[in-house]
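Asks: pasting a predicted model and its sequence here:
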Amino acid sequence: MVKPRLVLVLGDQLSDDLSALRAADKDRDVVVMAEVMAEAEYVPHHPQKIALVLASMRKFAAHLRKDGWTVAYTQLDDTDNAGSIPGELLRRAEGYEADEILYTTPGEWRLIAALEDVPLRMTEHPDDRFLCSREWFAQWAEGRKELRMEWFYREMRRDTGLLMEGDDPAGGQWNYDADNRKPAKGDAAPPKPLTFDPDEVVTDVLDLVDAKFGNNFGTLRPFGYATTRDQALKALDHFITHALPRFGDYQDAMLTGEGTMWHAVISPYLNIGLLDPLEVCQRAEAAYQAGKAPLNAVEGFIRQIIGWREFVRGIYFLEGPDYPTRNALKHARALPPLYWGVETRMACLSQVVAQTRDTAYAHHIQRLMVTGNFALLAGVDPAEVHEWYLSVYADAFEWVEAPNTVGMSQFADGGVVASKPYVSSGNYIAKMSDYCTGCAYDVKAKMGKDACPFNLLYWQFIDRHRERFEGNQRMRMIYRNWDGRDADDRKQILSEAEDCLARLDAGDPV
Ligand SMILES: Cc1cc2nc3c(=O)[nH]c(=O)nc-3n(C[C@H](O)[C@H](O)[C@H](O)COP(=O)(O)OP(=O)(O)OC[C@H]3O[C@@H](n4cnc5c(N)ncnc54)[C@H](O)[C@@H]3O)c2cc1C
Ligand code: SF4
């Protein structure tokens, strides 16, 4: 009899079209899926993230069985659980007398290395659930002085034909971002994303997660994420009908108590394989063609997926396994406890952290310009910032999280992803949100006891990194402004910024 091969399906590989499944034979091979502690514990994941992955895995296994596959599934609390992916593969190989494993390349270097070390015949298949292969990206990047998303994005538009009219972009422009920076008024009523009541499978998983990970940062219930492809498609359609039309206008806006604004909240589904990036973009494009969503919204949305999402993945694999440990600005401060929910007087951080705790979600500008901006201004060790983002969001997987955090948000890669650091004073937050109206600090105060910490730390950042950034074309004006200020004011701002950092270090409320 021909020996079965084992087909590994990881928790973020829940796609029928997975390359390892395509390479396998339903009548001969055995799919291996395993809930293991090594994956659940390598960072203190948000309980909702663990629940999302485990419940989706269980339902995907049931779906594969219904489709005729033999599935060897290990639950987290099974007594013979080997505790790690390599351990489970060895255990199952022994049980099924198999010596070959078919697998799709994992999305992070840590697991890639672990699988390479498994002492069995390991047959790897590239993960082609992306629009751009690792090889294509490497070729595109070769010889370029700078890797900029906008140029990459145009190639992807041409390649996919999305929003193209012949060789030209729909509407005559590639990018409509200039129309997409409107603040939202406090009385705006963003639609709520579609959520799903827990069924029996989800309820079992929630109980398990509560028992094992109840002490991790994050609220487990209410849990409303989709855990099947059908549900994820419903959530996508709901977004396209109710939120996409204004996605562009309010893409950067933030409002107290409104965590999702007009965003899609589909990254968890894309990242674990329940949705396919091209189908998502095609549905958005169809809404534009049907006159149901404007071009600035649809272009902006598609750019996030075929542009940013594919671009950061390309960077992650191009830059290599050391990427998440980079620290170009030599920042060394410990992550302030406020990131784990300890009280802060800063209304913006308090809002975003509380929302993160309750929903395992924050939209891009909340991540970049509130939590990310503050960590960068305060000089927090990027490795700690990276671990935080990897832990607290339901969509956090290293290939996408690390370039966004280490690169875009913390400038720790020295400018591979971003051409200048994403730092701002409180001004930006005041313009794009209503957070400052409920804050103990005064966003207009540049110094003095009520001065917004973002204002103080912004200028201290500019001052302490003069050597690196003064020559940057895009930052010259900022240095000119700083140098043009009264010398005593500069001294006072720097000294108050130091006090603020000292309070952070001492664990005093800021
Ligand atoms: C510090 C930091 C950490 C981040 N960590 C993650 C992460 O762990 N996982 C993750 O998927 N995204 C991450 N992002 C990118 C972005 O914030 C999320 O993709 C987005 O907020 C997801 O919410 P949404 O589905 O409502 O997105 P929308 O705003 O509705 O956008 C639609 C889709 O575009 C894609 N997208 C948008 N922006 C980006 C981006 N910068 N990089 C990659 N894809 C993007 C996502 O798949 C998203 O679902 C991070 C951004 C920052 C600044
Ligand atoms: S005043 Fe400063 S700290 Fe307060 S919400 Fe505004 S930006 Fe945040």
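Replies: Received it, and whenever you're ready, just let me know what you need. Quick caveat, the model's predicted, so the values are computed rather than measured. Numbering: from 1, shown residues only. Ligands and ions are numbered 1, 2, ... in the order given.

Asks: centre of the chain to stretch 58-71, how far?
Replies: The chain centroid and the centroid of stretch 58-71 are separated by 28 Å under CA atoms, centre = their mean, to the nearest Å.

Asks: so what touches that stretch?
Replies: Here stretch 58-71 makes contact (CB atoms under 8 Å, 6 or more residues apart in numbering) with 4, 9, 14, 16, 26, 29-33, 73, 75, 201, 205, 227-229. C-beta: built from backbone N, CA, C; applies to glycine.

Asks: show only the entries of those found in strands.
Replies: 30-33, 73 (DSSP state E).

Asks: just the buried residues of the contacts of stretch 58-71.
Replies: 4, 9, 14, 29-33, 73, 201, 205, 227-229 (16 or more other CB atoms under 10 Å).

Asks: okay if I get those residues as TSV plus distance to ligand 1 and pLDDT?
Replies: Converted to TSV, the buried ones among the contacts of stretch 58-71 look like this (distance: CB to the nearest ligand atom, whole Å; pLDDT from 0 to 100):
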residue	distance to ligand 1	pLDDT
Pro4	35	97
Val9	20	98
Leu14	15	98
Asp29	31	98
Val30	31	98
Val31	26	98
Val32	26	98
Met33	22	98
Tyr73	26	98
Val201	24	98
Val205	21	98
Thr227	16	99
Thr228	18	98
Arg229	16	98
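
Asks: contacting ligand 2 as well, which ones from the contacts of stretch 58-71?
Replies: Restricting the contacts of stretch 58-71 to those touching ligand 2 (CB under 6 Å from any ligand atom) yields no residues.

Asks: that older thread, output the buried ones among the contacts of stretch 58-71 as CSV; include the columns distance to Gly291.
Replies: Listed next are the buried ones among the contacts of stretch 58-71 as CSV, based on distance: CB to CB, whole Å:
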residue, distance to Gly291
Pro4, 52
Val9, 40
Leu14, 34
Asp29, 47
Val30, 49
Val31, 44
Val32, 47
Met33, 43
Tyr73, 46
Val201, 40
Val205, 41
Thr227, 33
Thr228, 31
Arg229, 28
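
Asks: and which of those residues is nearest Thr195?
Replies: Taking CB to CB as the measure, Thr195 sits nearest to Thr227 out of those, at 11.3 Å.

Asks: quick one: that closest one and Leu54 touch, right?
Replies: No. Checked against CB atoms under 8 Å, the pair Thr227 and Leu54 is beyond contact range at 9.0 Å.

Asks: which of the ones in strands among the contacts of stretch 58-71 lies closest to Asp395?
Replies: Relative to Asp395, the closest of these is Met33; by CB to CB it sits at 20.5 Å.

Asks: you'd agree that closest one is up against Tyr73?
Replies: Yes. Between Met33 and Tyr73 there is a contact at 5.0 Å, judged by CB under 8 Å.

Asks: residues contacting Leu456?
Replies: By CB under 8 Å, 6+ apart, the contact list for Leu456 reads 446-447, 493, 496-497, 500.

Asks: which element is it on?
Replies: Leu456 belongs to helix 453-464 when assigned by DSSP states H and E.

Asks: now Val7
Replies: Counting by DSSP H and E, Val7 is found in strand 6-8.

Asks: that strand pairs with which strands, and in what direction?
Replies: Strand 6-8 has the following strand partners under DSSP bridges: strand 30-34 (parallel), strand 100-104 (parallel).

Asks: how about residues contacting that strand?
Replies: Outside strand 6-8, the residues that touch it by CB under 8 Å, 6+ apart are 20-21, 23-24, 29-32, 72, 85, 89, 92-93, 96, 98, 100-104, 115.

Asks: quick one: Cys439 and ligand 2, what's the gap?
Replies: Applying CB to the nearest ligand atom, to the nearest Å, the value for Cys439 to ligand 2 is 3 Å.

Asks: now for that residue: which residues touch it?
Replies: 345-348, 452.

Asks: okay, the residue lying farthest from the centre of the chain and Gly68: tell me how far apart.
Replies: What lies farthest from the middle of the chain is Met1; by CA atoms, centre = their mean that is 45.8 Å. Separation of Met1 from Gly68 (CB to CB, to the nearest Å) stands at 19 Å.

Asks: which residues does Val2 contact?
Replies: By CB under 8 Å, 6+ apart, the contact list for Val2 reads Arg28.

Asks: report the secondary structure state of it.
Replies: Following DSSP: H, G, I helix; E, B strand; the rest coil, we place Val2 in the coil state.

Asks: returning to that earlier point: most neighbours out of the contacts of Cys439, which is it?
Replies: Counting by other CB atoms under 10 Å, Cys348 has the largest number of neighbours within these, with 29 neighbours.

Asks: and that one, what helix or strand is that in?
Replies: Cys348 belongs to helix 347-359 when elements are defined using DSSP H and E.

Asks: so which elements touch the next helix or strand after that helix?
Replies: Of the helices and strands lying after helix 347-359 in sequence (DSSP H and E), the nearest is helix 364-365. Contact analysis of helix 364-365 by 3 or more CB pairs under 8 Å, 6 or more residues apart in numbering; DSSP states H and E lists no helix or strand as a packing neighbour.

Asks: give me that answer again for 10 Å
Replies: Under the contact criterion of 3 or more CB pairs under 10 Å, 6 or more residues apart in numbering; DSSP states H and E, helix 364-365 touches helix 426-432.

Asks: starting at the chain centroid, how far to the helix it packs on?
Replies: Chain-centre distance of helix 426-432: 23 Å, with CA atoms, centre = their mean.

Asks: please identify the buried residues of it?
Replies: For helix 426-432, a neighbour-count test (16+ other CB under 10 Å) marks 426, 428-430, 432 as buried.

Asks: stretch 69-89 now?
Replies: Across stretch 69-89, burial judged by 16+ other CB under 10 Å covers 69, 71-74, 76, 81-89.

Asks: and the two most separated of those residues?
Replies: Pairwise distances among the buried residues of stretch 69-89 were taken by CB to CB; the largest, 24.4 Å, belongs to Trp69 and Gly83.

Asks: return the nearest residue of the stretch 51-200 of the chain with respect to ligand 1.
Replies: When scored by CB to the nearest ligand atom, the stretch 51-200 of the chain has Pro193 as its residue closest to ligand 1, at 8.0 Å.
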